[in-house]
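K.L.:
just the structure for this:
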Amino acid sequence: MNLRGGIRQRLEQRIDGRSGEGILTAVYDLIDRLIPLADGRILGIGVGTPGLVDSRQGIVRDAFNLGWNELRLGELLKERYGVPVHVANDSQAAALAEFSFGGAGASPHLVVVKMSRGIGVGIVLDRKLYHGDGNGVGEIGHVVFVDDGAPCRCGRRGCLETLTGSESILRFAQAAARSDPSSALTRYAAAPEEIDIEAVSAAVAAGDPSLGSHIADVGRAMGRALAALVGLLDIHRIVLAGSVAGFGPALIDPMRNEIRSRALPPLASETVVETTKLGNDIVLLGAAALILNAELGLP
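P.N.:
As a prediction, the model looks like this:
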């Protein structure tokens, strides 16, 4: 990327079911292929990763879906490539990207909610990424919402992620496709196991009532969580990112209604909930912003 967040070269490296050391090897392979494509000096490497991340030390404390625990990722990359390395949780990287490149406006505060496989929140306060006392800022995905609910990857049951994450949506959609051959999903996926979030989104847009009702339930569950955040922080701009955010009004309208009905009315009335315009590159842009901020002092 260049110094304005413009992507100059793009590569992808498939994980293909790997975990732990296998994913670390994939990271090395990706960077090994990417660096020779640069046409100038490398200023640094930025990383946005799921999980609990100690950004100050570059340590991934725990990333359930990657099989990483106490991984000193920043140190490993710095030793291997000889450039500064900055690591952040992907939701925090998304918040930094939105603030840096997404037209944050006059407010020095911002909340970004990343809704994908996991659910996380990144917070900018007074134009600075908020890290908190430890490494768990924004981990609302693992707050229990339903006693004895569905099992979660963290080992507990009924976490917000089990209600609003992409995997739970796909499980519902696949079950719906198997039980109802007339589902709109059959137009967008050849078989239930081939259903992805894009297929579900297309079926919702086509008016599938069961899927539309489920996405509204997802929005309401997320709205309950965000209502508490509105009351706690009084930040007027909430931006949604990630694959689930692509459901648009079907998700956002129930979410807004839930915030209005649960948060203090004067606070709720001033709260704007919208979808990022940075698309799927938001975490990449956040990784770049980490470098620009730390190495060049750009706000």
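K.L.:
beta partners for Val53?
P.N.:
On the basis of DSSP bridges, Val53 is bridged to Val60.
K.L.:
which pLDDT value does the model give it?
P.N.:
In the predicted model, Val53 carries a pLDDT score of 93.
K.L.:
and for Arg171?
P.N.:
For Arg171, the pLDDT comes out at 95.
K.L.:
that one: neighbour count?
P.N.:
The burial count assigned to Arg171 is 14, neighbours taken as other CB atoms under 10 Å. For glycine as for every other residue, the C-beta is placed from the backbone atoms N, C-alpha and C.
K.L.:
Tyr28 too?
P.N.:
15.
K.L.:
ok, it - contacts?
P.N.:
Arg80 (CB atoms under 8 Å, 6 or more residues apart in numbering).
K.L.:
quick one: what helix or strand has it in it?
P.N.:
When elements are assigned from DSSP states H and E, Tyr28 belongs to helix 21-34.
K.L.:
which residues does Gly141 contact?
P.N.:
In this structure, Gly141 makes contact with Gly118, Ile119, Gly120, Cys159, Leu160, Glu161, Thr164, Gly165, judged by CB under 8 Å, 6+ apart.
K.L.:
quick check, it in a helix?
P.N.:
Yes. Under DSSP: H, G, I helix; E, B strand; the rest coil, Gly141 falls within a helix.
K.L.:
how near is it to Cys159?
P.N.:
For Gly141, the distance to Cys159 (CB to CB, to the nearest Å) stands at 6 Å.
K.L.:
go on, Gly40?
P.N.:
Here the criterion is CB to CB. By it, Gly40 lies 44 Å from Cys159.
K.L.:
of those two, who's got more company?
P.N.:
Looking at Gly40 and Cys159 with other CB under 10 Å, you find the greater number of neighbours at Cys159, namely 26 against 7.
K.L.:
hmm, the more buried one is touching Phe145, no?
P.N.:
Yes. In terms of CB atoms under 8 Å, Cys159 counts as a neighbour of Phe145; the distance is 6.8 Å.
K.L.:
name the helices or strands packed onto the helix or strand of the chain with the lowest mean pLDDT?
P.N.:
Per-element confidence for the chain was summarised using mean pLDDT, DSSP states H and E. The lowest value among helices and strands belongs to strand 128-129, with a mean of 88. Applying 3 or more CB pairs under 8 Å, 6 or more residues apart in numbering; DSSP states H and E, we find strand 128-129 packed against helix 90-101.
K.L.:
helices of the stretch 101-250 of the chain, residue ranges please.
P.N.:
Taking DSSP state H, counting those that start in this stretch to define them, one finds helices in the stretch 101-250 of the chain at 160-164, 166-179, 197-205, 209-233, 249-262.
K.L.:
just so I know, which of those lies nearest Leu129?
P.N.:
Evaluated over these, closeness to Leu129 peaks at helix 209-233, with 14.3 Å, by CB to CB.
K.L.:
give the buried residues for stretch 229-236.
P.N.:
Leu229, Val230, Leu233, Ile235, His236 (16 or more other CB atoms under 10 Å).
K.L.:
sorry, wrong one. I was asking about stretch 62-82.
P.N.:
Along stretch 62-82, these residues count as buried under the neighbour rule (16+ other CB under 10 Å): Asp62, Ala63, Phe64, Leu66, Trp68, Leu71, Leu73, Gly74, Leu77, Lys78, Tyr81.
K.L.:
and the least confident of those?
P.N.:
Confidence by pLDDT is poorest for Phe64 among the buried residues of stretch 62-82, given 82.
K.L.:
ok, it - contacts?
P.N.:
Pro50, Gly51, Arg153, Cys154.
K.L.:
count of neighbours near Glu12?
P.N.:
Neighbour number of Glu12 under other CB under 10 Å is 6.
K.L.:
and it, how far is that from Gly136?
P.N.:
Per CB to CB, Glu12 is found 29 Å from Gly136.
K.L.:
and what of Pro36?
P.N.:
As for Pro36, its distance to Gly136 is 37 Å (criterion: CB to CB).
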